[in-house]
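J.: What would the 3D arrangement of this be:
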Amino acid sequence: MKKLVLFLLLTILLLGTLSTSILKAQDEEITLQLTIGLSSYVLNGKQFQMDVAPEIVAGRTFVPIRVVAESFEATVEWNATLKEVTITQQEKIIKLRIGSKEASVDGKLYVLEAAPYIKSGRTMVPIRFISEAIGLTVSWDSKTKTVTIKGKVSSVVMPTSPVELLGAGATFPQPLYTKWFDIFYTKTNGLVKVNYQGIGSGGGIQQLIEKVVDFGASDAPMNSDEEKRAGAEVIHIPVALGAVVVTYNLPGNPKLKLTGEVIADIFLGKIINWNHQRIKELNPNLTLPDLKITVAYRSDGSGTTFVFSDYLSKVSETWKKEMGTGKSLNWKVGLGGKGNAGVAGIVQQTPGAIGYVELIYAEQNGLPYAMIRNKSGNFINPDLKSISEAANVKIPQDTKVSIVDTDNPQGYPISSFTWILVYKEQKYGNRDLNKAKALVALLRWLNSEAQEYSESLLYARIPEEVRKVNLENIKRLTFDGKPIK
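T.: As a prediction, this is how the structure comes out:
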């Protein structure tokens, strides 16, 4: 009896500590406070910043819609052609149009006292109409000019006992995953531990196919053969943006400018010296040495190789014909290294070497990297801004999209998403519902607060459109054919 009482007490204590987690518990009440003229807001007692302060128009309080939507687990979709914003909260669908007083809730028309508008790039909407439309309560304090919105969020799934999730795959996002999963463990008070092994994208996909991990990770989408071997639908969740950079080891390590065509011919063994005329023409202000070029490439199956070869296939017909696109290639010249670290090591140790690695690895190892000319003719340095610009593309529901050789004039041309891969049906092997709930909780967190930690490690956040598609796809996960709740 004493043991039972002790067990119950420990359980109560554990559940009590979970309420401090950043993961909202089932039916947790949310309180959002915004003050007219202030560009900060308070969410459940914590203060945050927003781009535009609330203001009063025609006697109504207007606020940036994304602040409200994200606070209450709603999604926002913007149609630039129609200048229409759609807010979805579980089954509720609200539509408003910029400059129009007409709005709809689940197809029923309403007339607003003032029309939505755009200010500093943010969509401003009447807060009382939106809040009441999705079932929230609104109160107004005329003395402090503060509006308070309250409501419950019940869409978050949480496991009921400690779980360890296993993941394997891409080395590119490993530094970010290490940080993310450590924070997630802390935020869930030790409830969900994630064990991740960086073995390369090809290895991660293979282990997912063999069903020995809870999720795979890849810098390239699964191809048709891999999906066939998986034997069941696999959902792709892009969680970060990164870039492949061309790094080199030259005296003084000057800042080089290169084109895709020149890079292709270097890695094909057609340009073998650093003072080749084509390289000199791109860098007229540099004195390039009479030094042999040594190519370094990935020897393991790699999403990094896929991104790099995908780019070269788009800019060089010769590369496309002789090498093509893939996670593993039959290299004509050079030395192979395992992982980004292996390639970086070859470049560091070999004068005249050139290789391709992820931006984070070049930064961590103090390696120089080239500016690459994009489709618009601009030489672009890889950084968070240029990587994000490259992702300004339409995202299909399956999220399997390439953003290399971007059309965006300011985009870095060798940018890419990195994906987490999970089976749609989570009941396989000896998995139980509790583990499936832990995976859903992790995926939802990766598409919310986790994004705030990306940029400090030189990874770009996923765009809002991608986040929206991801959340819709996460809702499609099932256990024994039923939604995971």
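J.: who does the longest strand anywhere in the chain touch, helix- and strand-wise?
T.: In the chain, taking DSSP state E as the definition, the longest strand is strand 234-248. Under the contact definition 3 or more Cβ pairs under 8 Å, 6 or more residues apart in numbering; DSSP states H and E, strand 234-248 sits against helix 303-315, helix 339-349, strand 353-358, helix 359-364, helix 384-390, strand 415-423, helix 433-446, helix 464-474. The way it works is simple: take the backbone N, C-alpha and C, and place the C-beta from them, glycine included.
J.: quick one: secondary structure of A69?
T.: The local conformation at A69, judged by DSSP: H, G, I helix; E, B strand; the rest coil, is helix.
J.: so how many other residues sit close to it?
T.: Neighbours of A69 under the rule other Cβ atoms under 10 Å: 20.
J.: What of P483?
T.: Applying other Cβ under 10 Å, we find 11 residues neighbouring P483.
J.: gap between the strand or helix carrying T148 and the chain center?
T.: Following DSSP states H and E, one finds T148 within strand 146-153. Put simply, strand 146-153 sits 29 Å off its chain's centre (Cα atoms, centre = their mean, to the nearest Å).
J.: Walk me through which strands that strand pairs with, and which way each runs.
T.: The pairing partners recorded for strand 146-153 under DSSP bridges are strand 28-35 (antiparallel), strand 137-141 (antiparallel).
J.: so Y177 touches Y196, yeah?
T.: Yes. With contacts counted by Cβ atoms under 8 Å, Y177 reaches Y196, the gap being 5.1 Å.
J.: When these two are compared, which one has more neighbours?
T.: Using other Cβ under 10 Å as the criterion, Y177 and Y196 rank with Y177 on top: 24 against 21.
J.: Provide the secondary structure category for that one.
T.: Y177 - assigned by three-state DSSP - is helix.
J.: Let me see the contact set for it.
T.: Taking Cβ atoms under 8 Å, 6 or more residues apart in numbering, we find Y177 in contact with G167, V194, Y196, G198, A217.
J.: same deal with L335?
T.: Contacts of L335 (Cβ under 8 Å, 6+ apart): T294, V295, A296, Y297, I346, T350.
J.: What sits closest to S415 if chain neighbours are left out?
T.: Leaving aside its sequence neighbours, S415 sits nearest to A390 (Cβ to Cβ, 6 or more residues apart in numbering; 3.7 Å).
J.: ugh, typo on my part, it should be A264
T.: With sequence-adjacent residues excluded and distances taken as Cβ to Cβ, 6+ apart, A264 is closest to S316, at 3.7 Å.
J.: burial of that neighbour, as a residue count?
T.: 21.
J.: likewise Y423?
T.: So Y423, with other Cβ under 10 Å, has 23 neighbours.
J.: Just give me the neighbour total for K320.
T.: For K320, the neighbour count with other Cβ under 10 Å is 16.
J.: mind checking the SS state of it?
T.: K320 - assigned by three-state DSSP - is helix.
J.: what's the pLDDT at it?
T.: Note for K320: predicted pLDDT of 97.
J.: which residues sit in contact with the closest residue to it other than its chain neighbours?
T.: Leaving out its chain neighbours, the residue that sits closest to K320 by Cβ to Cβ, 6+ apart is S313, at 4.2 Å. Applying Cβ under 8 Å, 6+ apart, we find S313 in contact with W319, K320, M323, G324, T325.
J.: Same question for S456.
T.: S456 neighbours (Cβ under 8 Å, 6+ apart): none.
J.: and what of the one 4 residues further on?
T.: Listed by Cβ under 8 Å, 6+ apart, the contact set of A460 reads A240, L241, G242, L384, I387, S388, A391, S415, S454.
J.: can I get those residues in JSON lines with neighbour count and pLDDT?
T.: What follows is these, written out as JSON lines (neighbours: other Cβ atoms under 10 Å; pLDDT from 0 to 100):
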{"residue": "A240", "neighbour count": "24", "pLDDT": "95"}
{"residue": "L241", "neighbour count": "22", "pLDDT": "93"}
{"residue": "G242", "neighbour count": "29", "pLDDT": "90"}
{"residue": "L384", "neighbour count": "18", "pLDDT": "90"}
{"residue": "I387", "neighbour count": "26", "pLDDT": "93"}
{"residue": "S388", "neighbour count": "20", "pLDDT": "88"}
{"residue": "A391", "neighbour count": "23", "pLDDT": "87"}
{"residue": "S415", "neighbour count": "28", "pLDDT": "95"}
{"residue": "S454", "neighbour count": "21", "pLDDT": "90"}
